[in-house]
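Enquirer: Sequence and predicted model, in that order:
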Amino acid sequence: MLSHSNHPVTGTILVADDQASNRELFSELLTAQGFNVITASDGVEALDQLGRVATDLVLLDVMMPQLSGFEVCEKIKANPDTYLIPVILVTGLSDKENRIEGIRAGADDFLTRPVDRTELLARVRSLLKLKQRTDELECAESVLFSLARSIEGKDPYTHGHCERLSEYSASLGEHLGLPEDQITALRRAGVVHDIGKIAIPDSIILKPSGLTPDEWKLMREHPVVGERICAPLKSFRSVLPIIRHHHEKCDGSGYPDGLAGEAIPITARVLQVVDVYDALTTVRPYKTALSITDALEMMKQEVGKGWWDRHIFDEFEGLVKSNNTRFLSRSAAAGGNR
């Protein structure tokens, strides 16, 4: 994989071309520059290689048997495990229509035969630097997710809470027709929404009875702390409002800012509905799990008090009552809603 950003750019490059002479030429040029090169003679073999070898960049010939370069590129970009790998399409075709087809397939760059050595190396190095930044970003996100799960792991009653909220909120967001970036934010926020609880003593988080006023004051700080922890990560910009505001209430009685109605971001309103549902339908230290029917009835009463978004709750209730399996598969462990 890629070296640190202060070192020369290196990486593993997959060269896919049905012509052996072309594979040999690219391999010699790239190996001489310190890159690790693997090869494939057709599109099917290329996808197989990607499934077996950690790859940083793909050089794809467009005209290949079985699967064309366009088709392989499209499959790479459709796969969550490979879509961030840069793809350069290599073609003897220079007309506009083929370029457009390549762009639609998700190609990151193009090279036209005969390939100029200097241009090849410049484009490869440029995309590998970009891939390196992407890898570093993914590492940062992974650290935050691991931290969030370590907090959840302290309490046996919260086991699986993050994963359920991530799935529930993204599914509800899709049902509501939210844009893809907001659905992605919901999926991430489901995992990290309570990351600020790292600043709360375990004696408070794990307390099996009600909290004192001072303990509640400290507990109410966790959304702000969580926002502060995640703020440096630019890819989490859409996640921050969910972290900060998922404990607000539509009547303005929530925390930390006392926002009301549509002043609460819609993504936060979505997460809070599924958060409450998960808390009610799972076991907690001081309560048994409510049935789905009883949980929805209690939430309906809280909607009547002005706590939750009525439209979002109605849509959620409809999903649950339609026996949507995404909302019926729950652990016996609990997710707290403090």
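Expert: Thanks, I have it. Numbering: from 1, shown residues only.

Enquirer: So, low pLDDT: which residues of this protein?
Expert: 1-9, 93-95, 136-138, 140, 152-159, 284-286, 323-338 (pLDDT under 70).

Enquirer: remind me, longest helix of it?
Expert: helix 117-153 (DSSP state H).

Enquirer: same for that helix, what does it pack against?
Expert: The contact analysis (3 or more Cβ pairs under 8 Å, 6 or more residues apart in numbering; DSSP states H and E) places helix 117-153 against helix 20-32, strand 57-61, strand 87-91, strand 109-112, helix 161-175, helix 180-192, helix 222-230. Yep, even glycine has a C-beta here, placed from its N, CA and C like the rest.

Enquirer: any idea how far that helix is from the chain center?
Expert: 13 Å (Cα atoms, centre = their mean, to the nearest Å).

Enquirer: likewise stretch 39-46?
Expert: Worked out by Cα atoms, centre = their mean, stretch 39-46 lies 29 Å from the chain centre.

Enquirer: Can you check the distance spanned by it, start to finish?
Expert: 8 Å (Cα to Cα, to the nearest Å).

Enquirer: Now that stretch: buried residues?
Expert: Thr39, Ala40, Ser41, Asp42, Gly43, Glu45, Ala46 (16 or more other Cβ atoms under 10 Å).

Enquirer: same check, this time on stretch 28-36
Expert: In stretch 28-36, counting by 16+ other Cβ under 10 Å, buried: Leu29, Leu30, Gln33, Phe35, Asn36.

Enquirer: Quickly note the distance from Leu206 to Leu218.
Expert: The gap separating Leu206 from Leu218 is 14 Å, by Cβ to Cβ, to the nearest Å.

Enquirer: same check, this time on Cys73
Expert: In terms of Cβ to Cβ, Cys73 sits 52 Å off from Leu218.

Enquirer: Distance to Gly102 and secondary structure added to the buried residues of stretch 39-46, as JSON lines?
Expert: Converted to JSON lines, the buried residues of stretch 39-46 look like this (distance: Cβ to Cβ, whole Å; DSSP: H, G, I helix; E, B strand; the rest coil):
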{"residue": "Thr39", "distance to Gly102": "21", "secondary structure": "strand"}
{"residue": "Ala40", "distance to Gly102": "18", "secondary structure": "strand"}
{"residue": "Ser41", "distance to Gly102": "21", "secondary structure": "coil"}
{"residue": "Asp42", "distance to Gly102": "18", "secondary structure": "coil"}
{"residue": "Gly43", "distance to Gly102": "14", "secondary structure": "helix"}
{"residue": "Glu45", "distance to Gly102": "20", "secondary structure": "helix"}
{"residue": "Ala46", "distance to Gly102": "16", "secondary structure": "helix"}
